[in-house]
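Student: Need a 3D model of the following:
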Amino acid sequence: MICIRNTTEYRILTMGHSTWGKIGKILFLIYPKERAIRAHFGYLRRPWTICFLALTVILLQIVGCDSSTPEPKPSSSPDVPIYGGVFKRAFSSGVLTLDPCEVSDSFSHEVCRQIFDGLVEFDPEGKVVPALADKWTISQDGLIYTMMLRPNCRFQAISGPNDLPTQNGGRLVTAEDVEYTFRRVLTPKILARRAKLFWVIKGARQFNEGAKPSIEGIKVISSDTVSFTLEKPFAPFLSLLALSNTFILPKEDVEHLKKDFAWSPVGTGPFIWGGKSGETIILKANQNYFRGRPYLDRIEFPIIPDESESFAAFKRGELMDVAVPDPEYKNVKQDPVWAPYFQESSRWGTYYLGFNVATFPFDNIKVRQAINYAIDREAIVKLILNDRARVANGVLPPGILAYNNALKGYSYNLEKAKTLLAEAGYPDGKGFPEITLQINRDSIHSRTSEFILANLRDLGINCNIKEVEFQEHLATLESGKAPFFRSGWTVDYPDPDDFLYTLFHSENIGSGMNFGCYSNAKVDDLLTRARNEIDTKKRIELYQRAEEYIVDDAPWVFIYHYTTHLLCQSYVRGLAITPMGTTFILYRKAWFAKTP
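Tutor: Next comes the predicted model:
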């Protein structure tokens, strides 16, 4: 990590002299002025040195820069899907739970998505398509959704490293399982993270709060048909049925395993739980999957915290895909060997700094606005991220319904930031308390935070960084104990409701995802009206008005909207990233054109 005292200390120098100037450029990040490093390139003026270096470049081109790293070789096999192989993909931190009811992080979500299925799922464009339910009807008033199950969907008959029999015995999925799954998500004693999302179902809130013994709006009509009746119309309801929290579960296994179900999961998905080897999660092909067994025999998810180590492991052939570290990004895109296997897409998500607006000094709107104007988002995107993101003016990312391209947002304006801070009672930062920015441990977060601290020093604010593991970070945010924190939100379902209502409605303070305790009665009213509005044009208008209020109140520092990318080995087929992110990759469609 390079500690940057302030933003003026970023420097880019280029080296060039005669022929050597055409060979390459060197970029330098200058340290604080009092410790500046002065580079001296006088030795390059010597002719014999130029000749020696030129010869070295030629030899490197012949033998390769790293003889220990094998280059990927394009497969000569025909692109006809074949069965077999072990897919290895590294996570930077551990999975928190494999109980769908409790999932709230991306890695847990990604693994659960391989073990379980929902009634419906998202296609690559974010549209709802059939999964366990192959058809459905919606009443004319938009209140009743009737779901019909496929006739051939079975729960997994075996599970675990030793393929032990499951309690359900591999039986067919029924409407009773659907009712059980939703009742479990809403059971008060379970305290499911996302239970409030399903309060749109008639009687769900009363059941969740312990006021009623059953959920009035969920009815089993027959063994293969279940209906949901809503309190009011809710346009994205089908999308809720695709969330990982409502993956359908076998009651026998859940009740038998109790808390251990989180680490001995049983579902209907294309892969079954294969146990753990150290920290590595293992999944095995479900031979009886209703769509047909997946091509891969197995998936392994090892933990490699450092992105450069993951990239090195990928180049050694130990991983089948990898996120490309920023220092390697341009190299990969320009490399004729690797570039054909690199995928990149915008991602529906937002990276932000959050304020707990109920705590001092962030309870002052002018302080929050001042910090927003003090952060140079464009420099972060260019210098830290290699232009691999889009500067955020608000909450909603491009591509999501109600995205407002005309939203003003906060551009970098240090003078305006200083004026607002002075109006808040802290001229030039005098009297402003020292603050702490909490982040979860990750190289990107660390580099971004160092830049942000430099921005804040320019404003006259002293800020420290507190790095913690993700599990501790999430627990702190959920408990409301982090006054100033880094976070990010990527889409669960592609609708503005997933961003604005979930993250900013006051109902979601405490037990929801409104980590900053933000509350605005006008915003609450607009968001409530928008989620009950069926007319798309009116929904857009309501969400855009709500977002304008939110941006003006500045409960976040809106930093950037994500891109997502993936580099695969040359023999990997069937993987495609989408704006939903790598979490939604369908590994059941992946296969190898050769044995790795």
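Student: Need the nearest residue in space to the residue nearest in space to the middle of the chain, chain neighbours excluded.
Tutor: Averaging the C-alpha coordinates of the chain gives a centre point, and the residue nearest to it by CA atoms, centre = their mean is Thr490 (4.6 Å). Leaving aside its chain neighbours, Thr490 sits nearest to Gly349 (3.3 Å; criterion: CB to CB, 6 or more residues apart in numbering). From N, CA and C alone the C-beta is placed, and that goes for glycine too.
Student: ok, so what distance separates that neighbour from Pro398?
Tutor: Separation of Gly349 from Pro398 (CB to CB, to the nearest Å): 11 Å.
Student: tell me which residues in the helix or strand where Gly354 lies are buried?
Tutor: For Gly354, the enclosing helix or strand under DSSP states H and E is strand 342-355. For strand 342-355, the neighbour count (16 or more other CB atoms under 10 Å) marks Ser345, Ser346, Arg347, Trp348, Gly349, Thr350, Tyr351, Tyr352, Leu353, Gly354, Phe355 as buried.
Student: I'd say the third one and Tyr560 touch.
Tutor: No - counting by CB atoms under 8 Å, no contact exists between Arg347 and Tyr560, whose distance comes to 10.6 Å.
Student: Could you chop this protein up by domain?
Tutor: Partitioning the chain according to automatic domain parsing yields domains covering residues 7-63, 86-307+569-592, 345-563.
Student: Comparing those domains by mean pLDDT, which bottoms out?
Tutor: Considering the domains of the chain one by one, the lowest average pLDDT is found for domain 7-63, at a mean of 35.
Student: If you count contacts, what does the strand holding Gly354 end up packed against?
Tutor: Of the remaining helices and strands, those touching strand 342-355 by 3 or more CB pairs under 8 Å, 6 or more residues apart in numbering; DSSP states H and E are strand 484-490, strand 556-568.
Student: how about Arg183, what does it touch?
Tutor: Residues near Arg183 by CB atoms under 8 Å, 6 or more residues apart in numbering: Phe207, Ser214, Ile215, Ile218.
Student: Now do the buried residues in the helix or strand it falls within.
Tutor: Element membership for Arg183 (DSSP H and E) is helix 175-186. Using 16+ other CB under 10 Å as the test for burial, helix 175-186 gives Ala175, Asp177, Val178, Glu179, Tyr180, Thr181, Phe182, Arg183, Arg184, Val185, Leu186.
Student: now stretch 522-532
Tutor: Neighbour count says stretch 522-532 has Val523, Asp524, Leu526, Leu527, Thr528, Ala530, Arg531, Asn532 buried, by 16+ other CB under 10 Å.
Student: next one: stretch 382-389
Tutor: In terms of neighbour count (16+ other CB under 10 Å), stretch 382-389 has its buried residues at Leu383, Ile384, Leu385, Asn386, Arg388, Ala389.
Student: repeat for stretch 359-375
Tutor: Applying a neighbour-count criterion of 16+ other CB under 10 Å, the buried positions in stretch 359-375 are 361-362, 364-375.
Student: what's the answer for stretch 314-323, then?
Tutor: Buried residues in stretch 314-323, defined by neighbour count with 16+ other CB under 10 Å: Phe314, Lys315, Leu319, Met320, Asp321, Val322, Ala323.
Student: Same check on stretch 400-411?
Tutor: With burial defined by 16+ other CB under 10 Å, the residues of stretch 400-411 counted as buried are Ile400, Ala402, Tyr403, Asn404, Leu407, Tyr410.
Student: any idea what sits nearest the last one, other than its immediate chain neighbours?
Tutor: For Tyr410, the nearest residue in space outside its immediate sequence neighbours is Asn372; the separation is 4.0 Å by CB to CB, 6+ apart.
Student: wait, isn't that neighbour in contact with Asp553?
Tutor: No - Asn372 lies out of contact with Asp553 (CB under 8 Å); the separation is 10.6 Å.
Student: Need the overlap of contacts for those two.
Tutor: Taking CB under 8 Å, 6+ apart as the contact criterion, Asn372 and Asp553 have no common neighbours.
Student: ok, back up a step: distance check, the residue nearest to Thr490 against Val551.
Tutor: 17 Å.
Student: repeat for Phe362
Tutor: Taken as CB to CB, the spacing of Phe362 relative to Val551 amounts to 16 Å.
Student: Over to Thr563?
Tutor: Applying CB to CB, one obtains 22 Å for the distance of Thr563 from Val551.
Student: who's more crowded, the two?
Tutor: Between Thr563 and Val551, counting by other CB atoms under 10 Å, Val551 is the more crowded of the two (22 against 18).
Student: Can you name the residues that contact the more buried one?
Tutor: By CB under 8 Å, 6+ apart, the residues touching Val551 are Asn393, Gly394, Val395, Leu407, Lys408, Gly409, Tyr410, Phe558.
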